[in-house]
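**Student:** From the sequence below, what's the structure:
(one chain, ligands or ions: 1)
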Amino acid sequence: MTSNKSYRKRYWRLVISFFRPNKLKLSALILVLFGVIGLQLYNPFVLRMFIDGATEGRSETYLIYCALVFIGISILQQLLTLIVTYTGEVIGWKATNSLRLQLARHYLSLDTETQNKFTSGEIVERIDGDISILQNFFSHLFIKLLANFLIIIGVLIILFSVNWRIGLSLSCFTLLAFFAIDKIRMLAEPFWKQAREINSRFFGFLSSIFEGKEDIRSNGGSGYFLKKFHYILRSWLPVLRKAQLLGYSMWMTTIFVLAVGTSIVLGIGGIQFLDGALTIGTLFMIFQFLDLLIHPIEKIREQVDDLQKANASISRVLEMLNTSSKIKTGEITNIGPGSLRVEFDRVSFHYDPASPILRSIQFQIDHKKKVGLVGRTGSGKSTIARLLMRLYEPASGMIKINGSDIRLFNLTELRKRIGFVSQDVKLLQSTLRDNITLYDSSISDDQLLRIIEETGLREWYDSLPHGLDTQILSHDFDVSAGEAQLISLLRVFLNDPGIVIFDEASSRLDNNTEKMIERAVHRLLSERTAIIIAHRLSTLEIADEIIVLDEGSIVEYGPRSKLYADHASSFFRNLQNVEMGGK
Ligand SMILES: Nc1ncnc2c1ncn2[C@@H]1O[C@H](COP(=O)(O)OP(=O)(O)OP(=O)(O)O)[C@@H](O)[C@H]1O
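**Tutor:** Residues are numbered from 1 along each chain as shown. Sure, this is the predicted structure:
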């Protein structure tokens, strides 16, 4: 009960928050809407004047006057409807675009663990699919629902004033129809929500097929994937069928109201006309009002259907907006200039409580010093980098930068001061310029070319077909793993970080690319504190100290030259020997 109440509260808060920035436009819209409805309700009176005037033998001028007023009102009504539609559309787009932005921003602010709970397909479905439904809600639905309710109230008041028997009977039937429609709506709502959930699961699954198409095909998994695909489609149908059948019963209800309403008007109106209590014009006018009444009931039925879809979308959007990040930002924005000092103080971590990944890790990197992290695959090297960037939070212990707990720093500033060259660089399907600047248009081409020069990548840059305009991941330019790292190095260089984490690509690179990376890394790391996660021990030549990790524990930690000289017991020296083929 309480959760239902708080859900409603959040629901209305969301709806109001998106109408609030447009409140002036919305007020004007509602005002014009009143005008449209007023004109709609006035037209049957003009018709009555015309019919009664004709039967009573009024002058031709009078009849022409009635006809012109009728036409004038109809034209004005159309013009005002145009304004309502246009303004509604503008409000709808503005409201949903800001909701799209809010949702995307919120998703990006979540911690990695929470983000990983949503597949990319689900995110697309929420940010685009759900929001498109809400766009209909904000631009048309809300306004039309309001208009239709106002028309119904207006018609009933007029019918009461013209003939209270007809007014009372149609009011009772309208109430009954709404009651039945609302009951059926409540029954259908969970099915709509379920249908949209299956929808988003379907898109999630679809995106995983596209992302992993090569692995699926090469491992002969296509058949299994198609079977799963079929199961998801099969689970979709019964839910949609139920939701739509319930929607259909709402349609039946309105047909019933139409039949009963017409019978009432025919019965009571007919008798009163024969008794002379109603003129033919008034009877015709009542039929016009009946038509005006039935149309909104029918429309409200359809709109309630759409409202259900919008409600399901709103609740899914709310669900996502209420997923809060486990990682909270700190207050301090000034982390310190130049190179930074890093300290891991007895840090332990696990992704899953059953399997510890890091066990009481302790090390310190002084300003401008470089530490090489080595260890078997899965020993926890990249996890150390993720913890330093606060993509995850340690289970215990503390990470410090320049002596302060990193939890005290503003998250955005912290991540700006740490440059991360990942071994799995994600490139954008855009130009080289966008791939380096990440769409920051304040960075000039001159600045980019200077950095390319500084990193020693001019020769590589000159070999690109269209310079900074070269389209990455296209026919224009297919990027190798090494080149992806070069682009990532340029990204990091641009940010001028105080700490650099270089997670070397594990794949073999050609000699030329390897040399280019080596040169760029040397330039990037000089004057900066660095953690080098190396797969080739030659990369560690610039490291001052080496940490050897094994199953989440530091098994060796010391100056590189000292470990290298220790032929007898050093793990590092042993690794070096293995790489060099035992030489
Ligand atoms: N998001 C995650 N959820 C659960 N387990 C994870 C996650 N990321 C990594 N792991 C696991 O944590 C362990 C350490 O991973 P990590 O990537 O830190 O190792 P690594 O030493 O960098 O390996 P590599 O040299 O292959 O890059 C591995 O067993 C890995 O399977």
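**Student:** Against the ligand, how distant is residue 279?
**Tutor:** Distance of residue 279 to the ligand, given as Cβ to the nearest ligand atom, to the nearest Å: 80 Å. C-beta here means a position set from N, CA and C on the backbone, and glycine is covered the same way.
**Student:** So what's the residue count around the nearest residue to that residue once chain neighbours are set aside?
**Tutor:** Leaving aside its chain neighbours, residue 279 sits nearest to residue 52 (5.2 Å; criterion: Cβ to Cβ, 6 or more residues apart in numbering). Neighbours of residue 52 under the rule other Cβ atoms under 10 Å: 17.
**Student:** how far away is residue 52 from the ligand?
**Tutor:** Residue 52 is 79 Å from the ligand, by Cβ to the nearest ligand atom.
**Student:** now for the helix or strand harbouring that residue, which elements pack on it?
**Tutor:** Residue 52 belongs to helix 23-55 when assigned by DSSP states H and E. Identification of packing neighbours for helix 23-55 by 3 or more Cβ pairs under 8 Å, 6 or more residues apart in numbering; DSSP states H and E yields helix 60-109, helix 142-162, helix 280-321.
**Student:** could the ones you listed go into JSON lines alongside mean neighbour count, distance to residue 513 and mean pLDDT?
**Tutor:** Shown next, in JSON lines, are the helices and strands packed on helix 23-55 (neighbours: other Cβ atoms under 10 Å; distance: least, Cβ to Cβ, whole Å; pLDDT from 0 to 100):
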{"stretch": "helix 60-109", "mean neighbour count": "15", "distance to residue 513": "31", "mean pLDDT": "87"}
{"stretch": "helix 142-162", "mean neighbour count": "18", "distance to residue 513": "57", "mean pLDDT": "87"}
{"stretch": "helix 280-321", "mean neighbour count": "19", "distance to residue 513": "41", "mean pLDDT": "80"}
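**Student:** just so I know, which of the ones you listed lies nearest residue 500?
**Tutor:** helix 60-109 (22.7 Å; Cβ to Cβ).
**Student:** For that closest one, enumerate the helices and strands it packs against.
**Tutor:** Looks like helix 60-109 contacts helix 2-19, helix 23-55, helix 131-136, helix 142-162, helix 280-321 (3+ Cβ pairs under 8 Å, 6+ apart).
**Student:** pretty sure residue 107 is touching residue 325, no?
**Tutor:** No. Contact criterion Cβ atoms under 8 Å: residue 107 and residue 325 do not qualify, at 10.0 Å.
**Student:** re the thing from before, output the helices and strands packed on helix 23-55 as TSV; include the columns distance to residue 387.
**Tutor:** Shown next, in TSV, are the helices and strands packed on helix 23-55 (distance: least, Cβ to Cβ, whole Å):
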stretch	distance to residue 387
helix 60-109	18
helix 142-162	46
helix 280-321	26
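**Student:** hmm, back to that, tell me which of the helices and strands packed on helix 60-109 lies nearest to residue 220.
**Tutor:** Closest among the helices and strands packed on helix 60-109, using Cβ to Cβ: helix 280-321, at 35.7 Å.
**Student:** Following the chain past the closest one, name the next helix or strand.
**Tutor:** strand 342-352.
**Student:** Is the ligand within reach of that following strand?
**Tutor:** Yes. Strand 342-352 lies within reach of the ligand by Cβ under 6 Å from any ligand atom, at residue 351.
**Student:** could I get that strand in PDB with only the CA atoms?
**Tutor:** Written as PDB, here are the backbone C-alpha positions of strand 342-352 (Å, rounded to 0.1, in the frame of the first residue of the first chain):
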ATOM      1  CA  VAL A 342      49.500   6.600  -5.300                       C
ATOM      2  CA  GLU A 343      49.100   4.300  -2.400                       C
ATOM      3  CA  PHE A 344      47.200   1.000  -1.900                       C
ATOM      4  CA  ASP A 345      46.800   0.300   1.800                       C
ATOM      5  CA  ARG A 346      45.900  -3.300   2.500                       C
ATOM      6  CA  VAL A 347      43.300  -3.300  -0.300                       C
ATOM      7  CA  SER A 348      41.100  -6.400  -0.700                       C
ATOM      8  CA  PHE A 349      38.400  -6.900  -3.400                       C
ATOM      9  CA  HIS A 350      36.000  -9.400  -4.800                       C
ATOM     10  CA  TYR A 351      33.500  -9.300  -7.700                       C
ATOM     11  CA  ASP A 352      31.700 -12.300  -6.000                       C
END
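**Student:** ok, back up a step: of all the helices and strands packed on helix 23-55, which lies closest to residue 527?
**Tutor:** Among the helices and strands packed on helix 23-55, helix 60-109 sits nearest to residue 527 (Cβ to Cβ), with 30.6 Å.
**Student:** got the angle for the closest one vs helix 142-162?
**Tutor:** Relative orientation of helix 60-109 versus helix 142-162 (axes from the mean of the first three to the mean of the last three Cα atoms, to 10 degrees): 140 degrees.
**Student:** Tell me how far helix 60-109 lies from the chain's centre.
**Tutor:** 27 Å (Cα atoms, centre = their mean, to the nearest Å).
**Student:** what does stretch 14-24 give?
**Tutor:** Distance, centroid of stretch 14-24 to centroid of chain: 19 Å (Cα atoms, centre = their mean).
**Student:** Now do the end-to-end distance for it.
**Tutor:** Stretch 14-24 stretches 18 Å from its first residue to its last (Cα to Cα, to the nearest Å).
**Student:** List the contacts of it.
**Tutor:** 26, 90-91, 94-96, 98-99, 138, 314, 317-318, 321 (Cβ atoms under 8 Å, 6 or more residues apart in numbering).
**Student:** Please identify which of the residues you listed is nearest to the ligand.
**Tutor:** If you rank the contacts of stretch 14-24 by distance to the ligand using Cβ to the nearest ligand atom, residue 321 comes first, at 23.6 Å.
**Student:** what residues are up against the closest one?
**Tutor:** Here residue 321 is in contact with 14, 102-103, 106 (Cβ under 8 Å, 6+ apart).
**Student:** Let's see that with 10 Å instead.
**Tutor:** 10, 14, 99, 102-103, 106-107 (Cβ atoms under 10 Å, 6 or more residues apart in numbering).
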